[in-house]
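Peer 1: Structure of the sequence below:
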Amino acid sequence: MKEILNYELWGNTVSEYLMALLILIVSVIIIQLIKKYVFKKIESTGTEGVLGTKFIIKITSRFAIPLFYLAALYLAFDFIQIPESATKVIKVIYLLIIVWIIIKFARAVIEFMINKYAEESGKEDTVRKFRPLLAFLNFTFYIIGILFILDNLGFHISTVIAGLGIGGIAIALAAQAILGDLFSYFVIYFDRPFELGDFIRVDDKAGVIERIGVKSTKIRSLSGELLVMSNSNLTNSRVHNFKQMFRRRIVFTIGVTYQTKPEQLEEIPKIIKQIIDEAENATFDRSHFFRYGDFSLDFETVFFVETNDYIKYMDIQQEINLKIYKELEKRGIEFAYPTRTLYMKSESKS
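Peer 2: Numbers count the residues shown, from 1 in each chain. Take a look at the predicted model:
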């Protein structure tokens, strides 16, 4: 028996192999016991939330447990001698696995926070809007992981970083417009100057937001065509968002003839006020006789429509206009229109 235990195979005795195997088995059993009893107990009595114990246990069991297994395997290998070439290969494999687990862990934490935010805010498209940011962060994590691996393998990271810096500048210059639109996308998402379904006007273009993409935003114009505008163009322009307008201020002018009696002129602001007060979702502000026009006596009126719906606004405006017309016609007050009076002077012949 002693001879069998002292028998050497690939530079190690059988007893050393058995000891390494025993360490590995004991470590696996301990990890399983911790996972089955300790984690389950904490998870059943833990709290919710991003920093709650349930979340920590879930993340730990998903990503930390594999690291525990790697540690157990590393501890077992410490009891046997491995050739230097095999040691380098194992080291590379260990680094790859550890970096991969850390990247997945960081991504899982960020995804959990985004999902939690979407759940609390009640907005279904939140996760979809964050996908470009997740892709960018994922790419950044992998770049950092690769640099970490190269550094541990003995490469001169400063030279690599310098090369990446020069290459990054060249790429940034070539993709300046694309990167500008990407960052503008995040500005639009976090600042929220408009959302899907909002009616906006940018310069001389107007329409309803149909889609907000990573590079461009699609707007359906009133005439039916689809407008595609870059995100950087939108963030650099003055955007009029009519969907976020809680009330509309309306100013209109009517003119009556110069033959209107003074008593009738005094009644006109009162008539207009009464009509607007009776209209639904309309708030009267003022009405005054404010100008002697070239062919009319002008009254200026201001009121508010308590809605951002354009159709409702037009319905209210039409209702008020018709009632004003009928009421002034009933009282014999005539609307003025451009007229010209010519006086002909005749000379008698002597």
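
Peer 1: Nearest residue to residue 332 in space, please, no chain neighbours.
Peer 2: Distances taken as Cβ to Cβ, 6 or more residues apart in numbering place residue 264 nearest to residue 332, at 7.7 Å, with adjacent residues excluded. Bear in mind the C-beta positions are built from the backbone N, C-alpha and C, glycine included.

Peer 1: pLDDT value on the spatially most central residue of the chain, please?
Peer 2: Nearest residue to the geometric centre of the chain (Cα atoms, centre = their mean): residue 189, 2.3 Å. Turning to residue 189, the model gives it a pLDDT of 77.

Peer 1: Please report phi then psi for it.
Peer 2: phi -70, psi -50 (degrees, to the nearest 10).

Peer 1: coming back round to it: helix or strand for the residue nearest to residue 332, which one?
Peer 2: Using DSSP states H and E, the element containing residue 264 is helix 262-278.

Peer 1: what does that helix contact?
Peer 2: Here helix 262-278 makes contact (Cβ atoms under 8 Å, 6 or more residues apart in numbering) with 256, 282-284, 287-289, 297, 299, 301, 303, 320, 323-324, 327-328, 331-333.

Peer 1: Narrow those residues to those in helices?
Peer 2: Counted as lying in helices by DSSP state H, out of the contacts of helix 262-278, are 320, 323-324, 327-328.

Peer 1: Identify, from those, the entry nearest to residue 233.
Peer 2: Lowest distance from residue 233 to these (Cβ to Cβ) belongs to residue 320, with 38.5 Å.

Peer 1: pretty sure the closest one contacts residue 279?
Peer 2: Yes: counting by Cβ atoms under 8 Å, residue 320 touches residue 279, with 5.6 Å between them.

Peer 1: For those two, indicate the residue with more neighbours.
Peer 2: Comparing residue 320 with residue 279 by other Cβ atoms under 10 Å, the one with more neighbours is residue 320, at 21 against 17.

Peer 1: For residue 264, see how far away the closest residue to residue 254 other than its chain neighbours is.
Peer 2: Closest residue to residue 254 apart from its sequence neighbours, by Cβ to Cβ, 6+ apart: residue 299 at 5.4 Å. Distance of residue 299 to residue 264, computed by Cβ to Cβ, to the nearest Å: 11 Å.

Peer 1: ok, now residue 180?
Peer 2: 62 Å.

Peer 1: Pull up the overlap in contacts between residue 299 and residue 264.
Peer 2: Here residue 299 and residue 264 have residue 256 as joint contacts, going by Cβ under 8 Å, 6+ apart.

Peer 1: Give me the more crowded residue out of the two.
Peer 2: The neighbour count for residue 299 versus residue 264, taken as other Cβ under 10 Å, is higher for residue 299 (20 against 15).

Peer 1: okay, the helix holding residue 264 in PDB with CA atoms only?
Peer 2: The C-alpha trace of helix 262-278 is given here as PDB (Å, rounded to 0.1, in the frame of the first residue of the first chain):
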ATOM      1  CA  PRO A 262     -71.000 104.500 -28.500                       C
ATOM      2  CA  GLU A 263     -73.400 102.500 -26.400                       C
ATOM      3  CA  GLN A 264     -73.000  99.500 -28.600                       C
ATOM      4  CA  LEU A 265     -69.200  99.900 -28.500                       C
ATOM      5  CA  GLU A 266     -69.300  99.700 -24.700                       C
ATOM      6  CA  GLU A 267     -71.400  96.500 -24.800                       C
ATOM      7  CA  ILE A 268     -69.000  94.600 -27.200                       C
ATOM      8  CA  PRO A 269     -66.300  93.600 -24.500                       C
ATOM      9  CA  LYS A 270     -69.100  92.400 -22.200                       C
ATOM     10  CA  ILE A 271     -70.700  90.300 -24.900                       C
ATOM     11  CA  ILE A 272     -67.400  88.700 -25.700                       C
ATOM     12  CA  LYS A 273     -66.600  88.000 -22.100                       C
ATOM     13  CA  GLN A 274     -70.000  86.300 -21.500                       C
ATOM     14  CA  ILE A 275     -69.600  84.100 -24.600                       C
ATOM     15  CA  ILE A 276     -66.100  83.000 -23.500                       C
ATOM     16  CA  ASP A 277     -67.200  82.400 -19.900                       C
ATOM     17  CA  GLU A 278     -70.000  80.100 -21.200                       C
END
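
Peer 1: for that helix, the distance to its chain's centre please.
Peer 2: The chain centroid and the centroid of helix 262-278 are separated by 49 Å, computed with Cα atoms, centre = their mean, to the nearest Å.

Peer 1: Name the residues of it that come out as buried.
Peer 2: The neighbour-count check on helix 262-278 (16 or more other Cβ atoms under 10 Å) flags 267-269, 271-273, 275-276 as buried.

Peer 1: Stretch 18-29 too?
Peer 2: Using 16+ other Cβ under 10 Å as the test for burial, stretch 18-29 gives 20, 23-24, 27.

Peer 1: Just send those back as a markdown table, with pLDDT, distance to residue 142 and secondary structure too.
Peer 2: As requested, those are exported to a markdown table (pLDDT from 0 to 100; distance: Cβ to Cβ, whole Å; DSSP: H, G, I helix; E, B strand; the rest coil):
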| residue | pLDDT | distance to residue 142 | secondary structure |
| --- | --- | --- | --- |
| 20 | 73 | 33 | helix |
| 23 | 76 | 33 | helix |
| 24 | 76 | 31 | helix |
| 27 | 79 | 30 | helix |
